[in-house]
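**Q** My questions are about this predicted structure, shown below with the sequence.
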Amino acid sequence: DIQMTQSPSFLSASVGERVTLSCKASQNINKYLDWYQQKLGEAPKLLIYNTNNLHTGIPSRFSGSGSGTDYTLTISSLQPEDVATYFCLQRNSWLTFGSGTKLEIK
Amino acid sequence: EVQLQESGPGLVKPSQSLSLTCSVTGYSITSNYWGWIRKFPGNKMEWMGYISYSGSTSYNPSLKSRISITRDTSKNQFFLQLNSVTTEDTATYYCARWAARSLFDYWGQGVMVTVSS
């Protein structure tokens, strides 16, 4: 099974700050990596698919990058509405979710 | 607009079966793929399985002996049954559309299920 490790598990940052979240796979996942955002009490929302493709309607301040086993989600300028838990999902072999990063405003 | 809504009992006794319904509006379940995902206390998420547009299914190997996903196309609903539950099955259960077996692009709000005597 492919294991996905997200870091940090918790992040506090200021409005306007550039934020980077990481997801590391236990083996090469060939860029089959998606990022989801889940706000409290809401359904998860797809942000980015296949490492760096922005899903429809997602603001351009969100971007993704990576290859092999290491992937990142970047928010270029943190906004108050970005408070949420972010988790990654690998689709290279079955499906495995990361443990999530809870993002808060400082 | 595609919408999904989970429903079912919020409390199940250990050793019994958990049964949930996902009602879909705005899109036919005879197209695409439809999955169940659960989120445990502490935020770990697990893909449970899916049912396809044709009715074929695939399950997470860790659940394969206990899980069944079925559907009723006349009602545009699909169902999750998880047998022999334990307290470790306590979670929030989500249904979602798995577009082209790639992207979970529409999700339900989730239903919290507690396994307790």
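**A** In hand now; what should we look at?
**Q** which residues are there in chain A that come within reach of chain B?
**A** Of all the residues in chain A, those in contact range of chain B (CB under 8 Å from any CB of the partner chain) are A:34, A:36, A:42-46, A:49, A:55, A:85, A:87, A:89, A:91, A:94-97, A:99-100, A:102. All C-beta spots, glycine's among them, are computed from the backbone N, C-alpha and C.
**Q** Which members of the residues you listed are positioned in strands?
**A** If you go by DSSP state E, the residues of chain A next to chain B have A:34, A:36, A:45, A:46, A:49, A:85, A:87, A:89, A:96, A:97, A:102 in strands.
**Q** Thought residue A:38 was touching the third one, still the case?
**A** Yes: taking CB atoms under 8 Å as the contact criterion, residue A:45 and residue A:38 are neighbours in contact, 7.1 Å apart.
**Q** Nearest residue to residue A:103 in space, please, no chain neighbours.
**A** residue A:11 (5.1 Å; CB to CB, 6 or more residues apart in numbering or on different chains).
**Q** quick one: the host helix or strand of residue A:24 to chain centroid distance?
**A** If you go by DSSP states H and E, residue A:24 is part of strand A:19-25. Strand A:19-25 has its C-alpha centroid displaced from the chain centroid by 7 Å (CA atoms, centre = their mean, to the nearest Å).
**Q** okay, which residue is most central for chain A?
**A** Nearest to the mean C-alpha position of chain A, by CA atoms, centre = their mean, lies residue A:35 at 4.0 Å.
**Q** who does it bridge with?
**A** Taking DSSP bridges as the rule, residue A:35 bridges to residue A:48, residue A:88.
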